[in-house]
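> no sequence on hand, only this structure:
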């Protein structure tokens, strides 16, 4: 009876812990196996503890090359999609123009369309135009599918923005440029940042569209896919764990900064 | 600050604004003297906010010009006008703290050392302690004061206030009315205040312009508007008026005698804004607090020369300071009478026959061709 009562009181916590475990278990496995010393070419069975892979993360041919390429593409794609997407979002919210409704719904199409279909059509497009497949075709494709996400994130923020704030700035001697830089942009920044993070994650991670349009270029997801056929080097787990750690650190840092800010104000 | 120098007057000449086929403001001439506290009063959608925004430069007039003193500012963008606005719901910059909000205008004009000025201004509005807080951490009344400080620190020639107290509760609103009035007297800047609250306009402003459907109905000092309304809209929108339909009987020099509900009423002709011809119709108006109420049994005690109307009390509500009666009379249904509770006559209860009487000097006459109900305050709360 006491146990049932205890269970009743802590049910939410227990359910929460289970969900968290469910979410984090894959990451734990990735991390643990980054310290494995596999016997064969496949890193699927635990053998013994080793830090070999951590001390030599670039020890596998082409791994670090593909990683750096993926990072570069992700950065440029994020930059391009964020700038274009933010401008589209402002235009859609602020201005009444012909075909605004159509643009508003068309912008969601890349999110709804199956990725494989989009990848195949893009390839058709590039081939018909006679474009050399490689870095640029990957970048163009990534900017394209990241755009809708950026537009959605920024639009929500701009829509909730009081137009009187900009009027107030203009009333207080700020010209159009000053008003944009000091009022509009800082207030829209959280939406833009959210869109940019999303774009980075999507671009870095993308396999299907990239695989169709890469030509002979190999990005990190393509490298992992390719090596999985022949054997998985432990270094892949090292890269995965490192990325996970970087993300966690970024989240922690932003939490610390925001809590310090609120404490200062109080 | 009294000044006869008119170089800082706000002058609107023939200014109008149309949106497509809708005319928000009909061509309008208005002069706001330098250093005055001027109120634009009207119900929502009457064009008062549009007029204010045209002075600020946030709205471009369809026709006409806006001048500040000798300078024509009609084509100047808002950031080049020596005018600042306190916006409805304040529009404080959410990402800047109170100090930076107030310093915003100074910094944009390239003033480097703003600390002293900002601190002085925050002290003026009693917010010196809150300088490093963000707007959302302040109460409504404090946010309102920040908005005032942010505008005033620029020493504008004119301060525009767009329903600045609309979001505050009643008690705080009364307090802020006095506060704003104090600040205005202290700094001597011209204030143009837009409001739908007639009491607020009368308490604060030196001059009130009553607007209705894009036109100024009447302009004047609060007491003048209240005592001598010239349209039914002004009579009903500013306070309460009893309007009785009457027929012109005779005119003798300074007095007009009218027939209403079987009796006769006298009206000083200088208090009649309507053209009067014998046999023509006029609306006779009198404010509820100017009327005295006497029980029908004591009708003989009423001095001669007063306007009289007989009636029966339909309803009486005791409000402490006064008792408000609703009286049905042959002259008009539902006449309102406010009687101060000095000596209460217990016979004055619903159903009692009474005589309403008042001095002819408190009577005003209006053109009978107008809507008698114009400007009567509806129950729903106005917001803009």
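Nice, I can see it. Everything numeric in this text was worked out from a predicted model, so none of it was measured. Numbering: from 1, shown residues only, chains lettered A, B, ... in the order given.
> centroid-nearest residue for chain A?
residue A:201 (1.4 Å; C-alpha atoms, centre = their mean).
> roughly how far does residue A:152 sit from chain B?
Shown here: residue A:152 relative to chain B, a distance of 22 Å by C-beta to the nearest C-beta, to the nearest Å. No exception for glycine: its C-beta is placed from N, CA and C like everyone else's.
> any idea how far residue B:134 is from residue B:100?
Here residue B:100 is placed at a distance of 10 Å from residue B:134 (C-beta to C-beta, to the nearest Å).
> bridged to residue A:49, which residues?
Beta-bridge partners for residue A:49, by DSSP bridges, are residue A:36.
> so how many other residues sit close to it?
Per other C-beta atoms under 10 Å in any protein chain shown, the neighbour tally for residue A:49 reads 9.
> one step back: what about the residue nearest to the centre of chain A, which SS state?
Secondary structure state of residue A:201, per DSSP: H, G, I helix; E, B strand; the rest coil, is helix.
> counting neighbours, what do you get for residue 140?
As the question left the chain open, I've gone with chain A. 16.
> chain B was what I was after
Residue B:140 - counted by other C-beta under 10 Å - has 16 other residues nearby.
> spit out the contact partners of it.
Residues counted as contacts of residue B:140 (C-beta atoms under 8 Å, 6 or more residues apart in numbering or on different chains) are B:167-169, B:172.
> cool, residue A:191 as well?
Counting by C-beta under 8 Å, 6+ apart, residue A:191 has contacts A:89, A:153-158.
> give me the buried subset of these.
Neighbour-count burial (16 or more other C-beta atoms under 10 Å in any protein chain shown) is assigned, among these, to A:89, A:153-155, A:157-158.
> and which of the residues you listed is nearest residue A:104?
Relative to residue A:104, the closest of the buried ones among the contacts of residue A:191 is residue A:155; by C-beta to C-beta it sits at 8.8 Å.
> in what helix or strand does that closest one lie?
helix A:135-159 (DSSP states H and E).
> what do you get for residue B:180?
Assigned by DSSP H and E, residue B:180 belongs to helix B:170-187.
> the helix or strand following that helix - contacts with which helices or strands?
Proceeding N to C from helix B:170-187, the next assigned helix or strand is strand B:190-195, under DSSP H and E. Under the contact criterion of 3 or more C-beta pairs under 8 Å, 6 or more residues apart in numbering or on different chains; DSSP states H and E, strand B:190-195 touches strand B:37-41, helix B:48-56, strand B:158-162, helix B:198-204.
> again, only this time at 6 Å
Contact here means 3 or more C-beta pairs under 6 Å, 6 or more residues apart in numbering or on different chains; DSSP states H and E; on that basis strand B:190-195 packs against strand B:37-41, helix B:48-56, strand B:158-162.
> give me every residue that touches residue B:271.
residue B:364 (C-beta atoms under 6 Å, 6 or more residues apart in numbering or on different chains).
> gap between it and residue A:169?
Distance from residue B:271 to residue A:169, by C-beta to C-beta: 50 Å.
> quick check: the nearest residue to residue A:174 once chain neighbours are set aside vs residue A:189, distance?
Spatial nearest neighbour of residue A:174, excluding adjacent residues (C-beta to C-beta, 6 or more residues apart in numbering or on different chains): residue B:108 at 4.8 Å. Note on residue B:108: its distance to residue A:189, by C-beta to C-beta, is 20 Å.
> which of these two has more neighbours?
Neighbours per residue, other C-beta under 10 Å: of residue B:108 and residue A:189, the larger number sits with residue B:108, 19 against 13.
> give me the pLDDT value at that one.
As predicted, residue B:108 sits at a pLDDT of 93.
> my read is that it contacts residue A:171, right?
No. Counting by C-beta atoms under 6 Å, residue B:108 stays clear of residue A:171, with 10.4 Å between them.
> any stretches of chain B with poor pLDDT?
B:1-6, B:377-384 (pLDDT under 70).
> near chain B, anything from the helix or strand that contains residue A:164?
Assessed by DSSP H and E, residue A:164 sits inside helix A:163-171. Yes. Residues of helix A:163-171 are located near chain B by C-beta under 6 Å from any C-beta of the partner chain, namely A:164-165, A:167-168, A:170-171.
> okay, domains of the chain per the record?
This is for chain A. The record's domain parsing of chain A by automatic domain parsing lists A:1-60+A:233-266, A:61-232.
> oops, wrong one, chain B.
For chain B, the structural domains run B:10-232, B:241-367, going by automatic domain parsing.
> just the ones you listed: most buried one?
domain B:10-232 (a mean of 19; mean count of other C-beta atoms under 10 Å in any protein chain shown).
> gap between the strand or helix carrying residue B:116 and the chain center?
Per DSSP H and E: residue B:116 is located in helix B:115-124. Here helix B:115-124 is found 32 Å from its chain centre; the criterion is C-alpha atoms, centre = their mean, to the nearest Å.
> now the angle between helix B:170-187 and whichever helix or strand comes after that helix, please.
Past helix B:115-124, further along toward the C-terminus, the next helix or strand under DSSP H and E is helix B:140-152. Counting by axes from the mean of the first three to the mean of the last three C-alpha atoms, to 10 degrees, helix B:140-152 lies at 20 degrees to helix B:170-187.
> what does the stretch 51-200 of chain A put close to chain B?
A:164-165, A:167-168, A:170-175, A:186-187.
> among these, name the buried ones.
For these, a burial check counting by 16+ other C-beta under 10 Å picks out A:164-165, A:167-168, A:170-174, A:187.
> if we can go back for a sec, quick one: which of the contacts of residue A:191 is nearest to residue B:335?
Nearest member of the contacts of residue A:191 to residue B:335, counting by C-beta to C-beta, is residue A:158, at 55.2 Å.
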